[in-house]
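K.L.:
Attaching a predicted model along with its sequence, questions to come.
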Amino acid sequence: MLIRRETPGDFEAITEVTVAAFETLAISRHTEQFIIKALGRRGR
């Protein structure tokens, strides 16, 4: 397993995986991808 820092090229895939992971959860407001994107911006 290779662990590395995120790159700008990763963001689209991260968004797609996050949307897919939460799309069927009744408790989701389907905003998780926006939260992750905002946290990523803060971490830079």
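P.N.:
Okay, I see it.
K.L.:
In the helix or strand of the chain with the lowest mean pLDDT, which residues are buried?
P.N.:
Of all helical and strand segments in the chain, the minimum by mean pLDDT, DSSP states H and E falls on helix 32-43, at a mean of 83. Neighbour counts over helix 32-43 (16 or more other CB atoms under 10 Å) mark 32-33 as buried. The C-beta positions use only the backbone N, C-alpha and C, and glycine is treated the same way.
K.L.:
what residues does that helix touch?
P.N.:
Counting contacts by CB atoms under 8 Å, 6 or more residues apart in numbering, the residues outside helix 32-43 that touch it are 6, 11, 14-15, 18-19, 21-22.
K.L.:
Show me the two of those residues that sit farthest apart.
P.N.:
6 and 22 (19.2 Å; CB to CB).
K.L.:
Neighbour count for these two, which is higher?
P.N.:
residue 22 (15 against 12; other CB atoms under 10 Å).
K.L.:
Mark which of the contacts of helix 32-43 are buried, thanks.
P.N.:
Among these, those that count as buried by neighbour count (16+ other CB under 10 Å) are residue 18.
K.L.:
which residues does residue 21 contact?
P.N.:
residue 32.
K.L.:
Just the pLDDT at it, thanks.
P.N.:
On pLDDT, residue 21 comes in at 91.
K.L.:
distance of it from residue 28?
P.N.:
Distance, residue 21 to residue 28, using CB to CB, to the nearest Å: 9 Å.
K.L.:
Repeat that for residue 41.
P.N.:
Taken as CB to CB, the span from residue 41 to residue 28 is 22 Å.
K.L.:
Does residue 23 touch residue 31 like I think?
P.N.:
No - using CB atoms under 8 Å, residue 23 is not in contact with residue 31, being 12.0 Å away.
K.L.:
can you give me the end-to-end distance of stretch 19-39?
P.N.:
End-to-end distance of stretch 19-39 (CA to CA, to the nearest Å): 16 Å.
K.L.:
ugh, wrong one, stretch 4-24
P.N.:
30 Å.
K.L.:
Tell me how far the helix or strand containing residue 11 lies from the chain's centre.
P.N.:
Per DSSP states H and E: residue 11 is located in helix 11-22. On the basis of CA atoms, centre = their mean, to the nearest Å, helix 11-22 sits 5 Å off its chain's mean C-alpha point.
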